[in-house]
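Visitor: Turn this into a model:
(2 chains)
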Amino acid sequence: MKEFKYLSPESVEDAISLYGQHSETSKFVAGGTDVIVKLKEGWMEPDFLISLKKIKELSDLHKNEATKELSIGALVTHATLEKSLMIQNRYPIIYDAVSNIGSLQVRNVGTIGGNLINAVPSADGAVPMIALDGVALLHGPDGERSVEVKDLFIKPYVTVLKPGEILKKITIPPQEANTGSAYIKFGRRAAMELPLIGIGVLLTLDTDQKTCTKARIVLGVAAPTPMRAFEAEKSLVGQKINEEILVKAGQIAADESKVRDSVRGKAWHRKEMIKVHVRRMGLKCLDIIKKQS
Amino acid sequence: MEKLQITLNINGKDQALLVQPNDTLLEVLRDELDLTGSKESCSEGICGSCTIQMDGKPVRSCLTLAMEAQGTKIKTVEGLANGDELSNLQQSFIDHGAVQCGICTPGMLMSADALLSETLNPDDTTIRQALSGNICRCTGYSKIVEAVAHAGKPEKSCPDCQTKE
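Guide: Numbers count the residues shown, from 1 in each chain, chains lettered A, B, ... in the order given. Next up, the predicted model:
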């Protein structure tokens, strides 16, 4: 690892100002499970490593009981989300996604913000944040701005963050009644795996508990960035949801995807698995909604 | 580059150290403190052989900067035994033949120790999940899982081992 100076500011403002003093040669680090590997491999060679760990507000996880908004600080670890009963019960799609990232040792340290900003096509954490219509709050030299998580990614390893900008938190708007959500990381083994394909589905049903009023189908590793399958979502809204309709939505999502052959899997296999798992995750959503009522 | 003075709490003792900002905790443990139980294998957070505990939670010491370990309670495999007396978990690994080449063992022990400190009598699935970030290329895992299960409920008579009287 190349030598660097380690800085650990205690406020977002200080972090941004430190970055400003050495903007060409600074890198921010959160949990470090990706950054430290990049430093070791020489893919990143900063003169100043600015740790965000001491900024307390970034580790805040809470639900505002008045607005019903969920606020997830960028430095909240995967393990914290995984162990939260509120997440397990109210946001199963987040639990499904973060409980299978890396290993326990990585989840104890790795953060949801780091998972997003690292911006790999396979980021498990990105799928639920997009499916839940999450909004990222960014803070930089020019102040704060909000970006929907679905618009955060430009291409692999690249986000809309400008130099010196920090992801502060992700806000999840209140969930409507009769909403179910689920994610599956489809891979070859049960642990220490990157997804061959990641599939997240969120469904909201009308009071009749049959007609779909909102659908989100979000795919990981299906394109250079995590993507929403808009056409597949449209095919569900206004319909009475059953297995047949979900099979069709799976087909549309597979057609919409931009999957490719890679060392980890073939495009045709990924498409087949999108079909299978859009259906399965859709059925799981229905199950969750049924259990809630 | 200039070295910085830090204090790390390791196995219950405060240690004053001179480190460089780019030293990993694993390098400091092994090279500065001679705590060579923790092993470096893949060096990129996959294999688990460098697993130690920070505030009771298993983490990868190869992906942790020594600077970032300040203010935490660090426990390494050397902190498991009480002097010459092995912990139940360590003894169970021996009794169940859970050690072959030994490279993964310190990491396995630290993950298992963290599990047992918060879960009573973990079942097979729970143990396998807790150890899923530790790779072993010798044992096929069965003996390790048995050893952890036994350490979780040592009172039960166990046909697989000869527990010392």
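Visitor: longest single helix anywhere in chain B?
Guide: When chain B is parsed with DSSP state H, its longest helix is helix B:105-118.
Visitor: And what about A:Gly250, helix, strand or coil?
Guide: helix (DSSP: H, G, I helix; E, B strand; the rest coil).
Visitor: Just give the number of residues close to the residue in the stretch 101-250 of chain A positioned nearest to chain B.
Guide: Chain B sits closest to A:Ser103 of the stretch 101-250 of chain A, with a gap of 2.3 Å, by Cβ to the nearest Cβ. In this view, the C-beta of every residue, glycine as well, is placed from N, C-alpha and C. Using other Cβ atoms under 10 Å in any protein chain shown, A:Ser103 has 28 neighbouring residues.
Visitor: What of A:Arg216?
Guide: Neighbours of A:Arg216 (other Cβ under 10 Å): 26.
Visitor: Would you quantify the distance from it to A:Ser293?
Guide: A:Arg216 is 20 Å from A:Ser293, where distance means Cβ to Cβ, to the nearest Å.
Visitor: Which positions in the longest helix of chain B come out as buried?
Guide: B:105-116 (16 or more other Cβ atoms under 10 Å in any protein chain shown).
Visitor: host element of the nearest residue to the residue of the stretch 101-250 of chain A closest to chain B once chain neighbours are set aside?
Guide: Using Cβ to Cβ, 6 or more residues apart in numbering or on different chains and skipping residues adjacent in sequence, the residue nearest A:Ser103 is B:Gly133, 2.3 Å away. Following DSSP states H and E, there is no helix or strand that holds B:Gly133.
Visitor: what does A:Met281 give?
Guide: Per DSSP H and E: helix A:267-292 holds A:Met281.
Visitor: Of all residues in the chain, which one is nearest the centre?
Guide: If you meant another chain, say so; for now it's chain A. Centroid-nearest residue in chain A: A:Ala126, 1.6 Å away (criterion: Cα atoms, centre = their mean).
Visitor: Chain B was what I was after
Guide: B:Met110 (2.4 Å).
Visitor: where does the closest residue to that one other than its chain neighbours land on pLDDT?
Guide: Excluding the flanking residues, the one nearest B:Met110 by Cβ to Cβ, 6+ apart is B:Thr51, at 4.6 Å. We have a pLDDT of 98 for B:Thr51.
Visitor: Next: B:Met1.
Guide: 70.
Visitor: Give me the phi and psi for the residue in chain B positioned nearest to chain A.
Guide: Closest to chain A within chain B is B:Gly133: 2.3 Å, counting by Cβ to the nearest Cβ. For B:Gly133, the backbone dihedrals (degrees, to the nearest 10) come out as phi -100, psi 10.
Visitor: and A:Ser122, which of the three is it?
Guide: coil.
Visitor: what sits against it?
Guide: A:194-195, A:198, A:220-221 (Cβ atoms under 8 Å, 6 or more residues apart in numbering or on different chains).
Visitor: how close does it get to A:Ser257?
Guide: 14 Å.
Visitor: repeat for A:Ile289
Guide: Using Cβ to Cβ, one gets 26 Å for the distance from A:Ile289 to A:Ser257.
Visitor: if I pick A:Thr33, what's in contact with it?
Guide: A:102, A:106, A:109-110, A:114, B:45, B:60, B:63.
Visitor: how about the residues you listed, which pair is most distant?
Guide: Using Cβ to Cβ, the contacts of A:Thr33 reach their maximum pairwise distance at A:Gly114 and B:Arg60, which is 14.4 Å.
Visitor: Show me which of these two is the more surrounded one.
Guide: Neighbour count, other Cβ under 10 Å: between A:Gly114 and B:Arg60, B:Arg60 has more, with 33 against 25.
Visitor: rewinding a little: is it true that the residue nearest to the centre of chain A touches A:Gly114?
Guide: No - counting by Cβ atoms under 8 Å, A:Ala126 stays clear of A:Gly114, with 11.5 Å between them.
Visitor: List the buried residues in stretch A:229-239.
Guide: A:229, A:232-233, A:235-236, A:239.
Visitor: What are the contacting residues of it?
Guide: Contacts of stretch A:229-239 (Cβ under 8 Å, 6+ apart): A:203, A:211-219, A:245-246, A:248-250, A:252-253, A:255-257, A:278, A:282.
Visitor: quick one, helices of chain B?
Guide: Under DSSP H, chain B gives helices at B:25-27, B:88-95, B:105-118, B:124-130, B:142-152.
Visitor: got it, and the stretch 51-200 of chain A?
Guide: Assigned by DSSP state H, counting those that start in this stretch, the helices in the stretch 51-200 of chain A fall at A:78-83, A:85-90, A:92-98, A:104-107, A:112-118, A:126-131.
Visitor: Show me what the first one packs onto, helices and strands only.
Guide: Helices and strands touching helix A:78-83, as assessed by 3 or more Cβ pairs under 8 Å, 6 or more residues apart in numbering or on different chains; DSSP states H and E, comprise helix A:92-98, helix A:104-107, helix A:112-118.
Visitor: Many thanks, we can stop here.
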